[in-house]
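**Student:** Turn this into a structure:
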Amino acid sequence: MCGIVGVVSAAPIDPREVERLRDRLAHRGPDHAGIWLSADARICLGHRRLAIIDLDARANQPMVSRDARFAITYNGEIYNHQALRRELQRDGAAFRTESDTETLIEAYRRWGTGCLDRLSGMFAFALWDAQERRLFCARDRAGEKPFYWAQCGDAFLFASEPKALHDWPGLSRRVDHDALIDFLSLGYVADPKSIWRDLRKLAPAHSLAVELDERSRPTVGEPRRYWSLVFGKNRGKAVCAERIRATLLAAADEMSIADVPLGVFLSGGVDSSSVTAALSLSGHAVRSFTIGFDEPDYDERAWARQVAERYGTEHVERTVAANDLPVLKELLDHHFDEPFGDYSSLPTYVLCREARGAITVALSGDGADELFAGYRKYQRLARRAELAGVLPMGVARALASAADAVLPEGSHWRRTLGQYGLDVAPMLADMLCVGAPTALLRRIARGELARALAHYSPLHLVEQVLAGAPADAGLIDTMRHVDFALTLPGDMLVKVDRASMAVALEVRPLFLQRDVMELAASIPGEDLADRSAAKLALKDAVRPWLPDALLDRRKQGFALPLPHWLRGGDSAEGRGADVSNALANWIDVDAVRRMARSHASGAADFTQLLYSCSVLDRWVARWQPA
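**Tutor:** Reported below is the predicted structural model:
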C-alpha cells in the first residue's frame, strides 16, 4: 500500500511543489518518499511507499523502466504478479527487481490497456508513456484503492486522497451539493463524485488517459469501463459448495504473498471466520485480531475465540469504550478528509492500529455482504418477492400509508412497512438511505442544499445502476448490483482504506479477489437469501469449516454501540450529538437538535443522521469550504 500523487502540466513543474503534495500522504507510505520529473519538466510523479513485496530499495517508486520509456506511481498489490512475470519472461521481458511494480510496467508494455484484464489484485496507478506522451490511469475492479483527479487551469492533478491536492494553486474548495446530499442520505459520497465540485474520483473498474501535446495543455479523455460484474445472469444454475470452498482456498493462497508479516481480522462473524479458516487451511500460520465492546449485544469476541481456538491462531483482542471516541474522532477527521458517516470506521481504526503492532498485511472479510447477499435487507427483499404474488400493490401502499400516519418518524417499522409500498427503484434507494430519507432531508434542508434537492436525490444513483442490471434480475440480484456499485466502493472500501492507511497497514479483502467475485455473481439470488436467513450459499459452503452455532446465529455486523451511547444523557458522547450553527446555511439546526432530544429519550432512532451531522460540523471547521 502506498500514496500516489502526480501532475501533468502545460507549463514546467516545480518538483518541490509536488513533493509537498506527496508528503501530505506520508501516513500511507512511511518507508520511502520518491519523486520523478520528466526531462521537459511537464510531468511529475510522486510516491510514498509502504514496502510489502521486494523490500529492496530498487523497488522504490516512482519506478522508471529499463529503457526509460515508462514511469509509474502505483498503489496496491498484484497478487498474480509472479505468474504474469513468468509469462512475460517467456516473451523476452527482462527484470531488475522482484517487485509487482516492475511486472505492471512490463505487462503494460506487452499488452497495453489490455493488461488490466490480466491483473488479479487491488490497485490505483498512473503510468507515463514517453513515446506516446500519454498518462494512463486505472483503478481496480471493486474500487479498493482510491484515485482522485482534477483539471485545474493548464494542469491535470491526481492523488490517493483529496488532502494532497488542497494546496494546489487555483484548485477551489467549492462544495458539490449533490455530493452533500449523498453524504447526508447514504452516509458517504458516491463515486465518481467527491465532496469538492472540482475534484472527482476515478470510478472502480475504469481507466483514464491524459494526452500531452508538446505545445498544449493536457487533454483528459472520458473515463472508460474495462470490466463489469453482472448479477442474475445465471438464474436457476446452482453453484456447488465444494466449488465455493475451493475458490476461497485458492484466493487465500494467492493473496498471502508478502515479504512482511501477515494476519487476519477476525470479528466472529461468518465472513471473517471464513477468511481465517481459508488462510489456515491453505497452509499458512495465522495471527488474528479482534475488537469487542462491553455491551453484550454488540460484542462478538466469544465467537471469534471459538474460531481462533479451532485454527490455533495467535489471537489478540482489544475493546472500545465510549470514552475512546473523542480521540478517535479527532484522528479520523483528518484521515477521512471527505465527510464520512459510517461510524464503524472508529472500531475499524482501533483494529488496524492494534494489528499494526504485529503485522503489515491483514486479510479481511469485506465485500462478502454485498456479493453473497448478507445484509438483513436481503431477507426483506425475499419477503417482498414472496408477498408480491399474494399482496396487491394497492394494499401494500395502503399499509405503508397507515404506518406513515400512525408510527413516529424515526421508527424502524414505519420505515420498513413504507418500503413495501414503493416501486423497486425507490424502495432500493430508500433502503440505501441509512441517514436521512429524502422526504426528511427535504424538510430540514436550507439554502443551496435545498435548491440541489429540487433536481437530485439518491434515487438517481439507483436508476443509473439499474440500467446496467439484467431486465429479469430478481430483487436480491438487483440489490446486489446496487450494493456492489454504490455501498461497497463508497462506504466499505473507503472505511477500510482510510482506517488502515492511517497506521500504514495493508488490508486485502479476500472476497474481492477476482475469481471469488465472479463466482459469487454467478450464484442465483434465490440461493443466497430467503425471508428467514441471508448468505445461504456461503454458509452452506463453509459449514465444514465453522461451528453450526456461529453460522446460524443472527447477524450482528461490525458496529459500535453508538445508538446506546448517544442516549448517554450527560456523557460526552451524548452531548456530542449536538451540532453548531456552522451548518445553518445547509440544514435546519434546530430540527436536528429536536431529533437528538427525541433519540436521547428513546422515542426514535436517529443515530446515523445525528452522527453524520456531527461529522459534517467538524468537517466544515477543519476544511473551511468556500
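**Student:** tell me which element the residue positioned nearest the centre of the chain falls in.
**Tutor:** Centroid-nearest residue in the chain: Leu493, 1.7 Å away (criterion: Cα atoms, centre = their mean). Secondary structure from DSSP states H and E places Leu493 in helix 493-501.
**Student:** which residue ranges form the strands in the stretch 151-300 of the chain?
**Tutor:** 155-159, 200-201, 206-211, 219-220, 224-225, 262-265, 287-292 (DSSP state E, counting those that start in this stretch).
**Student:** ok, and what's touching the fifth one?
**Tutor:** Same thing as strand 224-225. Here strand 224-225 makes contact (Cβ atoms under 8 Å, 6 or more residues apart in numbering) with 203, 205-208. Every residue, glycine included, has its C-beta placed from N, CA and C.
**Student:** in the protein, what secondary structure element scores lowest on mean pLDDT?
**Tutor:** Using mean pLDDT, DSSP states H and E, helix 572-575 stands out as the lowest-scoring helix or strand of the chain, at a mean of 45.
**Student:** so how far is the following helix or strand past it off the chain centroid?
**Tutor:** Downstream of helix 572-575, the next assigned helix or strand under DSSP H and E is helix 589-601. Centroid separation for helix 589-601 versus its chain: 30 Å, with Cα atoms, centre = their mean, to the nearest Å.
**Student:** pLDDT of helix 589-601, averaged?
**Tutor:** Computed over helix 589-601, the mean pLDDT rounds to 90.
**Student:** Show me what it is packed up against.
**Tutor:** Under the contact definition 3 or more Cβ pairs under 8 Å, 6 or more residues apart in numbering; DSSP states H and E, helix 589-601 sits against helix 438-444, helix 607-623.
**Student:** Report the inter-axis angle for that helix versus helix 607-623.
**Tutor:** Angle of helix 589-601 versus helix 607-623, following axes from the mean of the first three to the mean of the last three Cα atoms, to 10 degrees, is 130 degrees.
**Student:** in helix 589-601, what counts as buried?
**Tutor:** 589, 592, 595-596, 598-600 (16 or more other Cβ atoms under 10 Å).
**Student:** cool, stretch 139-148 as well?
**Tutor:** 139-148.
**Student:** Find the nearest non-adjacent residue to Ala520, please.
**Tutor:** Spatial nearest neighbour of Ala520, chain neighbours left out: Leu371 (3.8 Å); criterion: Cβ to Cβ, 6 or more residues apart in numbering.
**Student:** Now do the SS call for Arg58.
**Tutor:** Following DSSP: H, G, I helix; E, B strand; the rest coil, Arg58 is assigned to helix.
**Student:** That one: neighbour count?
**Tutor:** 11 (other Cβ atoms under 10 Å).
**Student:** Leaving out chain neighbours, which residue sits closest to it?
**Tutor:** Nearest to Arg58 is Thr97, by Cβ to Cβ, 6+ apart, at 4.9 Å.
**Student:** part of a helix, is that neighbour?
**Tutor:** No - Thr97 sits outside any helix when classified using three-state DSSP, being coil.
**Student:** quick one: contacts for it?
**Tutor:** Neighbours of Thr97 in contact, by Cβ under 8 Å, 6+ apart: 54, 56, 58-59.
**Student:** how does it look with 10 Å?
**Tutor:** By Cβ atoms under 10 Å, 6 or more residues apart in numbering, the residues touching Thr97 are 53-54, 56-60, 63, 103.
**Student:** just Asn581 next, same as before
**Tutor:** 589-590, 617 are the contacts of Asn581 under Cβ under 10 Å, 6+ apart.
**Student:** that older thread, now do the phi/psi pair for the residue nearest to Ala520.
**Tutor:** phi -80, psi -40 (degrees, to the nearest 10).
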